[in-house]
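# Got a sequence here, can you model it:
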Amino acid sequence: MAQAILAQAADLPLPFPIPARFGVAKMATARPVISVYKFDNPSEKSGTVAMPAVMASPLRPDLVRDVHKNMSKNKRQAYGLSMKSGYDTAAESWGTGRAVSRLPRVPGGGTHRAGQGAFGNMARGGGMFNPNRVWRRWHRRVNVTKKRHAVVSCLAASALPPLVMARGHRIGAVAELPLVVSDGLESVAKTKLAFEALKKLGCGEELQRIVDSKKVRAGKGKMRNRRHKMRRGPMVIYAEDNGIVRAMRNIPGVETANVSRLNLLKLAPGGNFGRFLIWTEGAINKLQEMYGKTSDAVCPGKRRYSMPRPQMENADVARIINSDEVQSALRPKLEPPKKMPKLKKNPLKNRKLMAK
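Coordinates of the predicted model:
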């Protein structure tokens, strides 16, 4: 019924069957169409596009967190201790019979270092136990299908305002999510024009939040070209780069990405999905071409890949358990037997106890 009401309100047929993720079964979780706003005048709409089926995929925060953890390890640079660290001395053990430990000791005399222990990890200046080596397994391999499932889950989470707000994004002035603008935004080549376009789209409060969040990093990172920390802002996803990358790259917190090369590390910073995404009309259309119009078919833009399906038609487990059909098939709750308190009787006054 919910799907029929949505289709009648939009006067358009549903572009795909929307699976249920929460609440009552068969309830629509996304709108059938998305409004396209003009980037220079967001008060006017230039048209509508169909909601991609990928926006109704099941949410898997555990999968996103695991993939992000493993993918973030692949940019680490190997480091390790020198093979001579703690062992660059001619120490030898004195053996037994001297009332000292058999730990190797530095030879010589006339200095405090002579006679001190060496080599052992318990000795000052000695070797380290299990030091870092460059042949350590620094990187992790992640299955391609697993990474694709995580990306799909991030795209679905970006269409839900509660999850986007839970990440800290200020979207109170944004017209709707997903936010789709006309393709003219891809041709903006000046940072000033790009900044004004984002403010007109309702991102002014979000951009100010990014500027206010810039702080000096705690620790030694500020001596290693990581002096400041700053929050992540919206990410603009485009289909063709006609100057948008150069225009957006100097705006604090704003990132850009091609719709054909979406990266999970940018879609879910810190392993938490729900990033504020701004789509161009060409990017949202290409997204539907990549993943298809239905969630049951094989994605035409991905080789041998189908989008994940929800494991349950109705994810409200409490409603299922408390339903009349399930409760009628369960046996009644057993009451535990009542235990009477044991009375302590006085044997001096009780003849039966005295007889024992």
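
# And the helices in this structure?
Along the chain, the segments classed as helices by DSSP state H run 2-10, 61-71, 144-157, 161-166, 191-198, 204-212, 244-248, 264-267, 281-291, 317-321, 324-329, 351-355.

# Which other helices and strands does the third one contact?
Okay, so that is helix 144-157. If you count contacts as 3 or more Cβ pairs under 8 Å, 6 or more residues apart in numbering; DSSP states H and E, helix 144-157 packs onto helix 61-71, helix 264-267. (Glycine included, C-beta is placed from N, CA and C.)

# so what secondary structure elements neighbour the longest one?
This means helix 61-71. Using 3+ Cβ pairs under 8 Å, 6+ apart: helix 61-71 touches helix 144-157, helix 264-267.

# Run the chain-centre distance for that helix.
Centroid displacement of helix 61-71 relative to its chain, using Cα atoms, centre = their mean, to the nearest Å, is 6 Å.

# which residues are in contact with that helix?
140-142, 146-147, 149-150, 153-154, 264-265, 268, 270-273 (Cβ atoms under 8 Å, 6 or more residues apart in numbering).

# Could the C-alpha coordinates of that helix be exported in CSV?
Provided in CSV are the C-alpha atoms of helix 61-71 (Å, rounded to 0.1, in the frame of the first residue of the first chain):
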residue,chain,number,x,y,z
PRO,A,61,28.0,-1.1,9.8
ASP,A,62,30.0,-4.1,10.9
LEU,A,63,31.1,-4.8,7.3
VAL,A,64,32.0,-1.2,6.6
ARG,A,65,34.1,-1.0,9.8
ASP,A,66,36.0,-4.2,9.0
VAL,A,67,36.7,-3.3,5.4
HIS,A,68,37.8,0.2,6.4
LYS,A,69,40.2,-1.2,9.1
ASN,A,70,41.9,-3.5,6.6
MET,A,71,42.0,-1.0,3.7
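
# What residues sit buried inside that helix?
P61, L63, V64, V67, H68, M71 (16 or more other Cβ atoms under 10 Å).

# Do you know the pLDDT at the fifth one?
Note for H68: predicted pLDDT of 97.

# do you know how far it is from P61?
Note on H68: its distance to P61, by Cβ to Cβ, to the nearest Å, is 10 Å.

# Can you tell me which of the helices and strands packed on helix 61-71 is most buried?
helix 144-157 (a mean of 21; mean count of other Cβ atoms under 10 Å).

# Can I get that one as PDB, trimmed to CA atoms?
Extracted in PDB, the C-alpha atoms of helix 144-157 (Å, rounded to 0.1, in the frame of the first residue of the first chain):
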ATOM      1  CA  VAL A 144      36.600  -7.500  -4.000                       C
ATOM      2  CA  THR A 145      33.000  -8.500  -3.300                       C
ATOM      3  CA  LYS A 146      33.400  -7.500   0.300                       C
ATOM      4  CA  LYS A 147      34.600  -4.100  -0.600                       C
ATOM      5  CA  ARG A 148      31.800  -3.600  -3.000                       C
ATOM      6  CA  HIS A 149      29.200  -4.600  -0.400                       C
ATOM      7  CA  ALA A 150      30.700  -2.000   2.000                       C
ATOM      8  CA  VAL A 151      30.600   0.700  -0.700                       C
ATOM      9  CA  VAL A 152      27.000  -0.100  -1.400                       C
ATOM     10  CA  SER A 153      26.100   0.100   2.300                       C
ATOM     11  CA  CYS A 154      27.800   3.500   2.500                       C
ATOM     12  CA  LEU A 155      25.800   4.800  -0.500                       C
ATOM     13  CA  ALA A 156      22.500   3.600   1.100                       C
ATOM     14  CA  ALA A 157      23.400   5.200   4.500                       C
END
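
# how about a markdown table for the helices and strands packed on helix 61-71, with mean pLDDT added?
Below are the helices and strands packed on helix 61-71 laid out as a markdown table (pLDDT from 0 to 100):
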| stretch | mean pLDDT |
| --- | --- |
| helix 144-157 | 95 |
| helix 264-267 | 96 |
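
# Can I get the ones you listed in a markdown table including distance to G233?
Shown next, in a markdown table, are those (distance: least, Cβ to Cβ, whole Å):
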| stretch | distance to G233 |
| --- | --- |
| helix 144-157 | 16 |
| helix 264-267 | 12 |
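
# Show me where the stretch 101-250 of the chain has its strands.
Using DSSP state E, counting those that start in this stretch, the strands assigned to the stretch 101-250 of the chain run over residues 179-181, 215-216, 228-229, 235-238.

# just checking, what packs against the longest one?
In other words, strand 235-238. helix 244-248, strand 255-258, strand 277-280, helix 281-291.

# from the chain's centre, how far out does it sit?
Distance of strand 235-238 from the chain centroid (Cα atoms, centre = their mean) equals 18 Å.

# With that, I have no additional questions.
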